[in-house]
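the following block contains a protein sequence and its predicted model.
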Amino acid sequence: MPEQPTPDRDLTAAVSAETDVARLGHSSPPPAHEQTADEDADVADWDRVMVMPEFGALLKAKIAFIVPATLFFTVYYFALPVLVGWFPELMEKRLGPVNVAYVFALSQFFMAWAVAFVYVRKAAKFDDQANAIIAQLDTPKGGQPK
Amino acid sequence: MNFLLAAAANTPAAAPAGFQFTPALGMFLSFVLVTLGITYWSARKSTGASNYFAAGRGITAWQNGLAVAGDYMSAASFLGIAGMIAFKGYDGFMYSVGWLVAYLTVLLVVAEPLRNAGKYTMADVLAYRLSPRPVRAMAALSTLTVSTFYMIAQMVGAGALVKLLLPGVGYEWAVTGVGVLMIVYVVFGGMLATTWVQIIKAILLMSGSLFLSILVLKHFDYSFVKFFEAVGKVPVVVDGAVVHKDFLKPGLIFGLEVTKGWGPIDLISLGLALVFGTAGLPHVLVRFYTVPDAKTARISVVWAMAIIGAFYIMTTFLGFGAATILTPANISVENMSAPLLAKALGGEIFFAFISAVAFATILAVVAGLTISASTSFAHDFYTNVLHHGTERAPGEEVRVARIAAFVVGAVAILLAIKLQTINVAFLVGLAFAVAASANLPVIVLSLFWKRFNTAGAVWGLGVGLVGSIVLIILSPSVMDPSGKGLIHAAPWFPLKNPGIVSIPLGFLAAWIATLMSNDRTSETKFAELTVRANTGLGSEKATSH
């Protein structure tokens, strides 16, 4: 069914609208074949960034931190139910006023905070690397320098 | 507030029969008034999709951290875990641990790529590389399922709580009241009002818990040694005789003897659902769209972890405090442990405050669930599945979301009233299981596996969703020969938490379906998604106010 113009909306261009050519009845972006060159330009040439050595280094640095960190916290966390479940004698050993089980459960909180703290420091470096890549892309695909 | 309390003290006889104006009601009403004021203020700013769905992406890191904590810490944690520790000791605390550790998955794997590559919902990230309509339809289905299950559990809990905290207010009235408020917050105030309700709730919850913890320590002359000595010999009534139990000793919930050998595996299964499910909970994920960029999203997770961690450590003081000071025999209902402890240590007014905190807790969580469900319906299903990604009129998406929020809220009220007598605690576990088994595998594979395609996403979401639901139905939570569950029969599946089976199922289905399909179109946009997710190039910017 063709779209019916709705009478309650004024479809003419507003004064000082972003463009003097109103898209009659369409508030959404135009289809690909109607886009102007400006609208068609992608934010960046993704494939070009993907093969940049700097981007490869960023991905590598991220993986080198995130994968071991994830493995570490997963093993540390699941050690709790495993130890408590199958090695209760060990966990019931007294440690001052408390026992091993309580200390180990409490240590999980500090472990989580520590991993988060280290990650935030690492991530600041990732941000620098990403910003350096963005700075290199001053010339968007098919457009003038910003 | 004082005049309300004075009114309560002076005019008890004037109140209608069966209805008492208690300090708890007064505090609850003041919370309602403040949040309605915020909703009125937000309503004037919530024009336009990005303002309505994502609070203009202008929430700061600490605000979002508090809001994530407020969105996440439900009454189940506050009253449920405190009660579990009060009655079962150490094993209840083990439950607490997973709720914090889960945020490492959010921090390390999901929050930043999601903020960089998405717009309003989890499905935005999936739609980048994959065929948008089938993937969004499945993602919306999964989101609505998770949110509705979680919401019903919260609302039934709210109704049950009201009976205990506000004598005279009926179950139906309590559920309707909570439901109407959450609808008002979301329909009129959008994400901005929801965010501030969650922030206020988090502040109330933290200050209430902190004060109660300090009162517990004061009771033991601020001596941890004395406190833990008392925890080591809690008087418990067993077969009419009082025995002293060491509440630091593990095993009262998940021990091999009490669970016929399945306890530790069930606990691991629960842990898997928490650690992988939190990063797939739609109402948590949408919070990261409310901040200006990925760096703010990251810092906000750290804020949230500081608050959530501190809260769950305090659950030991609340729970062990109730166990030692009140003793389990003197607590009528497990969930009432924290409020009754507040009454014993801080008097009637502090009891009223803690009760109001419990309500605020429920309201903030259900508002977050409502907005994530309605956003997913409007953005994923209505605009992108039904209308191929174009709004037919300006503001249509927001209008549809407002209607959806109203419908979701109304349905939740009706279901919660219908399910009044049923133990629905397993619905929270189900929500986490679905999030971990359906949502997370697909998010992770979409971000990191180039070959991943539409068939893989649809099957991963479908099998994860259906698998979790079927396993829960066959579990002891639903099939219970003693008649406490929905089905009176012996369970077919031994675990209460399906994660250990359903999460691998979700991943496996996504992997096999990907390889069975020859569709390689998703690979062409892998570079775009990877670059966007890791650099923030082209990400959605904050709107200026």
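Good, I have the coordinates.

shouldn't residue B:75 be in contact with residue B:365?
Yes - applying C-beta atoms under 8 Å as the test, residue B:75 and residue B:365 come out as touching, 7.4 Å apart. Any C-beta I mention is one placed from the backbone N, CA and C, and that applies to glycine too.

any common contacting residues for these two?
Here residue B:75 and residue B:365 have residue B:154 as joint contacts, going by C-beta atoms under 8 Å, 6 or more residues apart in numbering or on different chains.

who's more crowded, these two?
More crowded of residue B:75 and residue B:365, by other C-beta atoms under 10 Å in any protein chain shown: residue B:365, with 30 against 25.

hmm, residue B:295 is touching residue A:130, no?
No - counting by C-beta under 8 Å, residue B:295 stays clear of residue A:130, with 9.7 Å between them.

comparing those two, which residue is more hemmed in?
The neighbour comparison of residue B:295 against residue A:130 (other C-beta under 10 Å) goes to residue A:130, with 23 against 19.

for the residue in chain A positioned nearest to chain B, what are its contacts?
For chain A and chain B, the shortest gap (C-beta to the nearest C-beta) falls at residue A:85, measuring 2.4 Å. Residues in contact with residue A:85, defined by C-beta under 8 Å, 6+ apart, are B:254, B:256, B:263-265, B:267-268.

so residue B:451, which state does it fall into?
coil (DSSP: H, G, I helix; E, B strand; the rest coil).

can you give me the neighbour number for it?
Neighbours of residue B:451 under the rule other C-beta under 10 Å: 15.

residues contacting it?
Residue B:451 sits next to B:514-515, B:520, B:522-523 when contact means C-beta under 8 Å, 6+ apart.

and if you look at residue B:289?
Neighbours of residue B:289 in contact, by C-beta under 8 Å, 6+ apart: B:53-54, B:57, B:114-115, B:118-120, B:540.

same check on residue B:126?
Residues near residue B:126 by C-beta under 8 Å, 6+ apart: B:135-136, B:139, B:442-443, B:446, B:457.

three-state assignment of residue B:495?
At residue B:495 the chain is in coil, as set by three-state DSSP.

give me the neighbour count for it.
By other C-beta under 10 Å, the residues close to residue B:495 number 24.

name the secondary structure element that contains the residue lying closest to it once chain neighbours are set aside.
Nearest residue to residue B:495 in three dimensions, chain neighbours excluded: residue B:266, at 4.8 Å (C-beta to C-beta, 6 or more residues apart in numbering or on different chains). For residue B:266, the element it lies in under DSSP states H and E is helix B:263-277.

quick one: list the elements packing against that helix.
helix A:53-86, helix B:90-105, helix B:426-434, helix B:499-516 (3 or more C-beta pairs under 8 Å, 6 or more residues apart in numbering or on different chains; DSSP states H and E).

repeat that for 10 Å
Applying 3 or more C-beta pairs under 10 Å, 6 or more residues apart in numbering or on different chains; DSSP states H and E, we find helix B:263-277 packed against helix A:53-86, helix B:90-105, helix B:426-434, helix B:440-448, helix B:454-473, helix B:499-516.

roughly how far is the third one from the heart of the chain?
A distance of 10 Å separates the centroid of the chain from that of helix B:426-434, by C-alpha atoms, centre = their mean, to the nearest Å.

what does stretch B:410-417 contact?
With contacts defined as C-beta atoms under 10 Å, 6 or more residues apart in numbering or on different chains, stretch B:410-417 is touched by B:147-159, B:171-172, B:174-180, B:182-183, B:366, B:369-370, B:373, B:424.

what residues of that stretch count as buried?
If you call a residue buried by 16 or more other C-beta atoms under 10 Å in any protein chain shown, then stretch B:410-417 has these buried ones: B:412-413, B:415-417.
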